[in-house]
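J.: below are the sequence and a predicted model; questions follow.
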Amino acid sequence: MNQNPAVWLREGRLPRVAVLAAPNRPRVASELPKLLPFIEKHAEIVTVDSNFEHDFSECTSDLVIVLGGDGSILQSARQMQNQQRPVLGVNLGKLGFLAAITPESFVALWSEIASGRFEITKHLMLSCEVYRDQERLHSMLGLNEASILGGPPYSMMYIDLNIDSVLATTYACDGLIISTPIGSTAHNLSAGGPILRRNLEAFVVCPISPHTLTMRPVVDTADRVFELRLRTEQTSASVVVDGRVVCHLDESLRVRIARADSVFQLISVPGHDDYQALRDKLGWSGRPRLVE
């Protein structure tokens, strides 16, 4: 966790804010006009983007407010690319693991945040690149995970995993996930992988339905470089980053996954921490069924 520098306070001005609102969401469309007047009381709004199209390479914003759910947070990270700004997520979706606060809480907290009374937690992001020999064909930034997934006709995949150019193993599995700590509670968790504290500097390598039961998820330092390659022909395999298909994958292609140069910056809200999120969002209620 890092103390917020609040550049605008040192420069004697209001914070410049970009507002990203998830498209085609009735609740977002309803709340957006209600929240904008509260934002304008304590900030200068440089853009209101309801289509996730704003170009951050030309953006002068200090903060980004995202109205939507966790998918909208992922989209904001992808949209900002190498121009990452601190993000405050207002939960107008379902789970709200990253978009942590309600519209009502936002109204109560916004004046303090605009006054610089908050901290920023920096989160690991990944870079996924696809090569044929030495030619880079595709590149995508990810916040949750990069995966190799199959499609119909479904069959087992054989995937070589090299770590720092050394062969670690060949997985026989239905797919393979390499997850960041933030992504550890997403597809990785559903596939049986571990939950990591969100500010750890680590990746999880998690096979999906491995043929050999000793092939368990592995946690490794974020300084490693992971390279994946199909060992055998697979007509329907794809590289997928944060739910988006990067490309079809065949044996001639090599997938390189490593720490991204950029980090995702999430504004820390008082009273919200990792374990509270697990209790509230993932059902860690601490209420085991008692034996009568």
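T.: Looks like it came in fine.
J.: ok, the spatially most central residue of the chain - contacts?
T.: Closest residue to the average C-alpha location of the chain: residue 143 at 2.9 Å, with CA atoms, centre = their mean. Going by CB atoms under 8 Å, 6 or more residues apart in numbering, residue 143 touches 73, 74, 77, 78, 123, 125, 126, 180, 182, 183, 242, 264. C-beta: built from backbone N, CA, C; applies to glycine.
J.: what does residue 53 give?
T.: Contacts of residue 53 by CB under 8 Å, 6+ apart: none found.
J.: what does residue 140 give?
T.: Counting by CB under 8 Å, 6+ apart, residue 140 touches 78, 127, 128, 146, 241, 244, 246.
J.: make it 10 Å
T.: Taking CB atoms under 10 Å, 6 or more residues apart in numbering, we find residue 140 in contact with 78, 81, 126-130, 146, 239-242, 244-247.
J.: can you check residue 113 too?
T.: The contact partners of residue 113, by CB under 10 Å, 6+ apart, come to 4, 6, 15, 17, 42-43, 63, 65, 86, 88, 106, 267, 269.
J.: strands of the stretch 51-200 of the chain, start to end?
T.: Counting by DSSP state E, counting those that start in this stretch, the stretch 51-200 of the chain has strands at residues 63-68, 87-91, 119-132, 135-142, 145-149, 157-163, 166-173, 175-179.
J.: list the buried residues for the longest one?
T.: Judged by neighbour count (16 or more other CB atoms under 10 Å), strand 119-132 contains these buried residues: 120, 121, 123, 124, 125, 126, 127, 128, 129, 130, 131.
J.: wait, the first one sits on residue 269?
T.: No - proximity of residue 120 to residue 269 does not meet the contact threshold set by CB atoms under 10 Å, at 11.4 Å.
J.: returning to what we had before: got a list of what the nearest residue to the residue nearest to the centre of the chain once chain neighbours are set aside touches?
T.: With CB to CB, 6 or more residues apart in numbering as the criterion, residue 143 has its nearest non-adjacent residue at 4.4 Å, and that residue is residue 77. Residue 77 sits next to 64, 66, 84, 87, 98, 123, 125, 141-144, 182, 242, 260, 262-266 when contact means CB under 10 Å, 6+ apart.
J.: measure how far the longest strand anywhere in the chain is from the centre of its chain, please.
T.: If you go by DSSP state E, the chain has its longest strand at strand 253-268. Taking CA atoms, centre = their mean, to the nearest Å, one finds strand 253-268 lying 9 Å from the centre of the chain it belongs to.
J.: next, the angle from that strand to strand 63-68.
T.: On the basis of axes from the mean of the first three to the mean of the last three CA atoms, to 10 degrees, strand 253-268 is oriented at 100 degrees to strand 63-68.
J.: ok, residue 206 touching residue 148?
T.: No - the pair residue 206 / residue 148 is not scored as a contact, 11.5 Å apart, by CB under 10 Å.
J.: mind listing the shared neighbours of the two?
T.: In terms of CB under 10 Å, 6+ apart, residue 206 and residue 148 are both contacted by the residues 173, 175, 176, 177, 178.
J.: got CSV for those residues, with neighbour count too?
T.: Shown next, in CSV, are these (neighbours: other CB atoms under 10 Å):
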residue, neighbour count
173, 22
175, 22
176, 22
177, 28
178, 27
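J.: report the two of those residues separated the most.
T.: Spatially, the most separated pair among the shared contacts of residue 206 and residue 148 is 173 and 178, at 13.0 Å (CB to CB).
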